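1. Okay, sequence plus prediction incoming.
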Amino acid sequence: SVSGSLVFSEFIKNKKFINYGKIRASWAKVGSDTDPYLLALNYTTGKYSYSGYTIGMIANSTQPNKDLKPTMTGSYEVGLEMKFLNGRLGLDATYYNQNSKDQILSLASTTTSGYAYRLINAGEIQNQGVEIALNARALQIKDFAWDLGVNFSKNTNKVKSLIDGMDYFELAKATWCGVSVGAKVGENYGAIRGHDFLYNDKGQVVVDAATGLPKVDQEIKTIGNSTWDWTGGFYSTFSYKNFRLSASFDVKVGADIYSMSMRSAYETGKAKGTLAGREEWYSSEEARKASGMELAEWRAAGNCKGFVVDGVIDNGDGTYRKNDIAVNPEDYWKHVAKGVQSAFVYDNSYVKCREITFGYTFPESILGKYVKGLTVSFVARNPFIVWKNIPNIDPDSSYNTSGLGLEYGSLPSRKSYGLNVNVKF
């Protein structure tokens with residue numbers, strides 16, 4: 001690796017406006033490996049013996065690969081750091097680009113081979129983005145000061161290639177829901193894959209004329225992406241003499257998440273959205289049963305009421321008519337929950353208050369000769385969500401440790417309130 005910087009403000013004679021300026025650049029190429037003991041066979045002894053002899057066996061669950069190469073990552077970065085107006089305004093901007101080749105992937109293998117997985121070198125992933133931070137002292141009046149800052153980050157993690165014959169590598173999944181998250185060639189890392197409604201050329205949902213339920217596109221598609229379009233944050237601090245009040249906020253925009261909690265709520269009729277058409281269906285069914293008519297007769301007579309899917313019916317001649325078939329909302333939502341994963345993909349954007357702190361620093365004159373500083377602060381962490389897009393769940397929720405685009409029954413982020421005492425001797 002190599003890096004360098006230039007403090008160009010040293011060449012500026014008049015520093016009334018620009019007090020400090022530095023440009024920096026770096027380049028690096030590094031290799032990374034995988035877990036040990038995966039290049040050759042490993043042996044262990046069995047639990048039992050035979051005729052006094054110890055039984056040995058192969059311990060590998062992953063097929064060894066003696067030709068495995070390290071993942072090589074080349075990167076470069078350029079940045080700019082500046083301070084203005086006697087240090088009251090600061091700017092830090094960075095652009096980075098990173099390319100990783102020969103990713104070490106663990107692929108599932110048929111167990112008849114004796115191994116559950118096999119290791120290969122595959123793929124190229126490009127990671128590039130920008131980071132910008134701006135801070136300022138917006139106001140200074142005697143003992144009162146107001147400091148604030150904002151930061152912005154945009155990262156693009158593009159999957160450029162995988163192994164020959166493979167265009168998708170699964171990273172996480174919820175098999176029982178038919179949804180997975182992975183690396184799809186040509187798309188951003190973290191593609192959410194599943195089924196969608198079947199649409200016609202005009203983007204209208206196609207409804208089955210026999211059932212009144214929407215048709216499902218049998219092709220598995222990318223229905224969302226779990227990586228953020230951009231992230232950022234801002235903070236504000238007010239100081240008056242020895243008192244200090246500060247608050248910080250996180251902003252995350254653009255990532256999608258498949259919510260199994262919402263899927264379950266709709267499938268079991270607990271979500272508010274399942275109320276549409278429910279009362280009409282119950283009333284219609286009571287009247288139908290009182291008349292002694294079968295559902296088909298009742299529907300043919302034009303008396304059936306309930307939930308009508310917003311879509312069109314194929315006339316069979318290339319034209320479509322608006323759907324007017326009323327169905328039981330329970331049938332509709334169970335059908336969607338089991339077969340249409342895209343219906344439960346939500347924009348996971350949010351703004352959260354991460355921390356609020358109110359503190360007081362005691363004057364040194366009252367601390368004595370042994371204590372050099374004493375600050376007491378009240379701290380609230382994750383006190384509230386300012387705004388979020390996804391209903392009923394915490395946007396920080398996840399399904400497993402991968403944290404990739406899946407959510408199910410996770411507890412919300414923990415709020416905490418405490419008292420900090422900082423003593424310097």
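-> Thanks, I have it.

2. C-alpha only now, for contacts and for neighbours.
-> Noted.

3. what sits against G56?
-> G56 makes contact with 43-46, according to C-alpha atoms under 8 Å, 6 or more residues apart in numbering.

4. I'd assumed G123 was in contact with L162.
-> Yes. L162 lies in contact with G123 (C-alpha atoms under 8 Å); the separation is 3.6 Å.

5. that older thread, by pLDDT, give me the weakest of the contacts of G56.
-> pLDDT across these is at its lowest for G46, which sits at 82.

6. Could you find the closest non-adjacent residue to that one?
-> Spatial nearest neighbour of G46, chain neighbours left out: I55 (5.2 Å); criterion: C-alpha to C-alpha, 6 or more residues apart in numbering.

7. which secondary structure element contains S49?
-> Using DSSP states H and E, the element containing S49 is strand 43-50.

8. What are the contacting residues of that strand?
-> 54-60.

9. what does stretch 159-166 give?
-> Applying C-alpha under 8 Å, 6+ apart, the contact partners of stretch 159-166 are 121-126, 167-169, 183-189.

10. rerun at 7 Å
-> 122-126, 183-189 (C-alpha atoms under 7 Å, 6 or more residues apart in numbering).

11. related to what we said a few turns ago, got the buried residues for the strand holding S49?
-> Residues of strand 43-50 classed as buried: none (neighbour count, 16 or more other C-alpha atoms under 10 Å).

12. Show the subsequent helix or strand relative to it.
-> strand 53-58.

13. Which strands border that next one, and is each parallel or antiparallel?
-> When pairing is defined by DSSP bridges, strand 53-58 lines up against strand 43-50 (antiparallel).

14. mind exporting the partner strand as PDB, just the C-alpha atoms?
-> Output of strand 43-50 as PDB, limited to C-alpha atoms (Å, rounded to 0.1, in the frame of the first residue of the first chain):
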ATOM      1  CA  TYR A  43      -8.500 -36.700  10.100                       C
ATOM      2  CA  THR A  44      -9.900 -37.500  13.500                       C
ATOM      3  CA  THR A  45     -10.500 -40.600  15.700                       C
ATOM      4  CA  GLY A  46     -13.800 -42.300  16.000                       C
ATOM      5  CA  LYS A  47     -15.700 -42.900  19.200                       C
ATOM      6  CA  TYR A  48     -15.400 -46.600  19.000                       C
ATOM      7  CA  SER A  49     -12.500 -49.000  18.300                       C
ATOM      8  CA  TYR A  50     -12.400 -52.300  16.400                       C
END
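
15. For E285, what is the enclosing helix or strand?
-> If you go by DSSP H and E, E285 is part of helix 278-291.

16. I'd like the contacts of G56 written out as CSV, with distance to D229 added.
-> Output for these, formatted as CSV (distance: C-alpha to C-alpha, whole Å):
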residue, distance to D229
Y43, 47
T44, 48
T45, 51
G46, 52
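
17. now for the residues you listed, which pair is the farthest apart?
-> Farthest apart among these by C-alpha to C-alpha are Y43 and G46. That separation is 9.7 Å.

18. where do the strands sit along the stretch 201-350 of the chain?
-> Using DSSP state E, counting those that start in this stretch, the strands of the stretch 201-350 of the chain run over 206-207, 221-225, 230-240, 243-253, 256-259, 307-308, 312-314, 320-322, 326-327, 345-347, 350-361.

19. of all these, which gets the most neighbours per residue?
-> Neighbour counts (mean count of other C-alpha atoms under 10 Å) averaged over each of the strands of the stretch 201-350 of the chain peak at strand 256-259, with a mean of 28.

20. Let's test this: mean pLDDT of it, rounded?
-> Mean predicted confidence for strand 256-259 is 94.

21. Can you spell out which helices and strands pack onto it?
-> strand 345-347, strand 406-407 (3 or more C-alpha pairs under 7 Å, 6 or more residues apart in numbering; DSSP states H and E).

22. Tell me which residues touch the residue nearest the centre of the chain, please.
-> Central residue of the chain (C-alpha atoms, centre = their mean): S226, 4.2 Å from the mean position. The neighbours of S226, taking C-alpha under 7 Å, 6+ apart as the test, are 190-192, 255-257, 404-405.

23. Can you tell me which of these is closest to A138?
-> Nearest to A138 among these is A255, at 32.5 Å by C-alpha to C-alpha.

24. Could I get the buried residue list for the longest strand seen in the chain?
-> Scanning the chain for the strand with the most residues, using DSSP state E, yields strand 117-141. Within strand 117-141, the residues scored as buried using 16+ other C-alpha under 10 Å are 117-137.

25. Strand 230-240 and the helix or strand that it is followed by, what's the angle between them?
-> For strand 117-141, the following helix or strand on the C-terminal side (DSSP H and E) is strand 144-161. Orientation check (axes from the mean of the first three to the mean of the last three C-alpha atoms, to 10 degrees): strand 144-161 against strand 230-240 gives 170 degrees.

26. List the buried residues of whatever helix or strand comes next after strand 144-161.
-> Next along the chain after strand 144-161, taking DSSP H and E as the criterion, comes strand 168-174. Across strand 168-174, burial judged by 16+ other C-alpha under 10 Å covers 168-169, 172-174.

27. what helix or strand does G418 sit in?
-> Assessed by DSSP H and E, G418 sits inside strand 416-424.
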